[in-house]
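Novice: Just the structure for this:
(2 chains)
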Number of protein chains: 2
Amino acid sequence: MDAVRRLGHPLCVGLDPHLEHLPELFRRGDMAPGGVQTVAAVEDFLTAVVERIAGRVAIVKPQIAFFEALGWRGLEMLSRVLKSARRQGLLILLDAKRGDIGSTARAYAEAYLGASAPMPCDAMTLNPYLGRDSIEPFVQRATTEGCGLFVLVKTSNAGSGDYQDRPLKDGACLFEQVAGSLAEQALGMVGMSGWSSLGVVVGATYPEESQRVRALLPKSLFLVPGYGAQGGSAEHAVQGFVPGPDGRLEGGLVNSSRAILYPAAGTRADAKGWEKAFDEALQRSVDELSAAVAG
Amino acid sequence: MDAVRRLGHPLCVGLDPHLEHLPELFRRGDMAPGGVQTVAAVEDFLTAVVERIAGRVAIVKPQIAFFEALGWRGLEMLSRVLKSARRQGLLILLDAKRGDIGSTARAYAEAYLGASAPMPCDAMTLNPYLGRDSIEPFVQRATTEGCGLFVLVKTSNAGSGDYQDRPLKDGACLFEQVAGSLAEQALGMVGMSGWSSLGVVVGATYPEESQRVRALLPKSLFLVPGYGAQGGSAEHAVQGFVPGPDGRLEGGLVNSSRAILYPAAGTRADAKGWEKAFDEALQRSVDELSAAVAG
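Specialist: So this is what the prediction gives:
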């Protein structure tokens, strides 16, 4: 939270290398998904992105699916990109939505959390469907390694209504049940910033639901997807935020991927043109979110 | 299902390389998680396992978490192990429990399903928490590529009660709601074997629940974890099965990982001793499950 407070905005930049959206400037060869050339093109692109955002945002959120789609070479490349991001002062929140039990959950935690992990990240996202015992191994590792966790509660997609919104017999609906069941654990993990290292994912597209989750989890950071390309406004994105020590709203990270990574003006631009288009798109989100948290 | 019918048992062998359980015979160096030596040791072990099970079981289930815990080198190694397994006639069910939306779900599907995937598998497991629109991109890819899917419904762990067993206002509980919402799609994906390529995961530790899921999904194959090391008996594991054309019970795959991969007698054995211990453990499960499906 220190970096977010210092920068004055909660923007998190999603690193989602969609091959079909990659600007002309970076494309190489036939861009076949498993190819060495494709991996090199994506690495050039993300390296340039990381350079441009360093110092202007606190944290990046690589979506690991896009790297897995490039095969093991994609993950080797992600390791390098993240090492470079870390060197430039960026925090790393891995969007992996992992969920499993016992020793399998431990293996996932050891893969991504802490300095000794082969791909060290500062935080990661988790899927709670398997139950609280599937969260526990991640909590243990996050606690010893000083990392953060974001558990899916109410996601930004339309289909999040299918199960997450189901009313339960005892009144609440499923996403509130999930949030409520994390409450005690979350309070036990509050750190120096006043915020817990056990956070949740709540979509910008559901501002009312996000206030209900905030009531259940007063100290949990929200990771808010769905701002920008998915249609959630900056005001909706910060609905679950609360006034911080400096008067600004705080309590989470608002992710934007496509709107920043692939501005239309950068698609066919040369190097200078791409930098300009990228910087403008970044600044637009920074300004919008800075205004939204200023209240 | 052809291979399962030919072999006369539904055993699926889980490839879960737990470093701490690796037999002495295969260990090298200090077995540090990210190390090249460790990856080579695991590869030797799994290559030997694959050789011993080829022709005796239809399918293997690599748990990708254990490979991710070895970093990108672990995934490179998994690619090689799976290529060798495929050459020896084994089908591959990747236990990845992925779940995400839109283009991210598509990226996961492209990573693992179909011949053009960088790591081609015949089937994979999915987590439904994000809703039906998170399943759809996998269904599309599985349909065009002739692959199978197994959606988590009722998992084998104790914590599966936390959310999956929650009674909903309208009577059913969450896992039944998830199963029911897949019913129409599953019926639309029935193939020549009479079984659907949209299957579900139902733990051997919950035989009663598995019968309820079978009533909702008459044509879906079950992937049944929890048999063996997790305490589910062979009889419980096949509770959701139904009589097939040859009179034997069919309708799913029963997974065993630890009980086969790490028999106590193989821990400190030499090569011959390890082979003997492994073969005996494999035969024990084959015999138990063959008897269970014989009814």
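
Novice: how much space between residue A:213 and chain B?
Specialist: Distance of residue A:213 to chain B, computed by CB to the nearest CB, to the nearest Å: 15 Å. Where you see a C-beta, it was placed from the backbone N, CA and C, and this is true even at glycine.

Novice: Give me the pLDDT value at that residue.
Specialist: At residue A:213, the model reports a pLDDT of 98.

Novice: three-state assignment of it?
Specialist: For residue A:213, the assignment made with DSSP: H, G, I helix; E, B strand; the rest coil gives helix.

Novice: Just give me the neighbour total for residue A:30.
Specialist: Around residue A:30 there are 8 other residues, counting by other CB atoms under 10 Å in any protein chain shown.

Novice: Flag every buried residue along the host helix or strand of residue A:40.
Specialist: Using DSSP states H and E, residue A:40 maps to helix A:36-53. Neighbour-count burial for helix A:36-53, with 16 or more other CB atoms under 10 Å in any protein chain shown as criterion, is recorded at A:38-39, A:41-43, A:45-50, A:52-53.

Novice: residue contacts, the residue nearest to residue A:14 when sequence neighbours are not counted?
Specialist: Distances taken as CB to CB, 6 or more residues apart in numbering or on different chains place residue A:257 nearest to residue A:14, at 3.0 Å, with adjacent residues excluded. Residues counted as contacts of residue A:257 (CB atoms under 8 Å, 6 or more residues apart in numbering or on different chains) are A:13, A:14, A:15, A:16, A:61, A:63, A:228, A:229.

Novice: Show me which positions of the helix or strand that the second one is a member of end up buried.
Specialist: With secondary structure defined by DSSP H and E, residue A:14 is part of strand A:11-15. Using 16+ other CB under 10 Å as the test for burial, strand A:11-15 gives A:11, A:12, A:13, A:14, A:15.

Novice: Of all residues in chain A, which one is nearest the centre?
Specialist: With distances taken as CA atoms, centre = their mean, residue A:61 lies nearest the centre of chain A, 4.2 Å away.

Novice: name the element that residue belongs to?
Specialist: Applying DSSP H and E as the criterion places residue A:61 in strand A:59-62.

Novice: Is any residue of stretch A:125-141 near chain B?
Specialist: Yes - residues of stretch A:125-141 are located near chain B by CB under 8 Å from any CB of the partner chain, namely A:127, A:128, A:129, A:130, A:131, A:132, A:133, A:134.

Novice: Settle this for me: the third one is touching residue B:165, isn't it.
Specialist: It refers to residue A:129. No - with contact defined as CB atoms under 8 Å, residue A:129 and residue B:165 do not form a contacting pair (12.0 Å).

Novice: So which of the two has more stuff around it?
Specialist: Higher neighbour count among residue A:129 and residue B:165: residue A:129, with 26 against 15, using other CB under 10 Å.

Novice: Leaving aside the residues adjacent along the chain, what's closest to the more buried one?
Specialist: residue B:129 is the one closest to residue A:129 (CB to CB, 6+ apart), at 4.2 Å.

Novice: Can you name the next helix or strand after whichever strand or helix holds residue A:176?
Specialist: Secondary structure assignment for residue A:176, by DSSP H and E: helix A:174-187. Going down the chain from helix A:174-187, the next helix or strand is strand A:196-202, by DSSP H and E.

Novice: Specify the angle between that next one and helix A:174-187 in degrees.
Specialist: What separates the directions of strand A:196-202 and helix A:174-187 is an angle of 170 degrees, with axes from the mean of the first three to the mean of the last three CA atoms, to 10 degrees.

Novice: quick one on the thing from earlier: residues contacting the helix or strand that the strand holding residue A:61 is followed by, please?
Specialist: Note on strand A:59-62: by DSSP H and E, the next helix or strand toward the C-terminus is helix A:64-68. Helix A:64-68 has contacts (CB under 8 Å, 6+ apart) with A:16-18, A:74-75, A:77-78, A:94-96, B:98, B:100, B:104-105, B:107-108, B:111-112.
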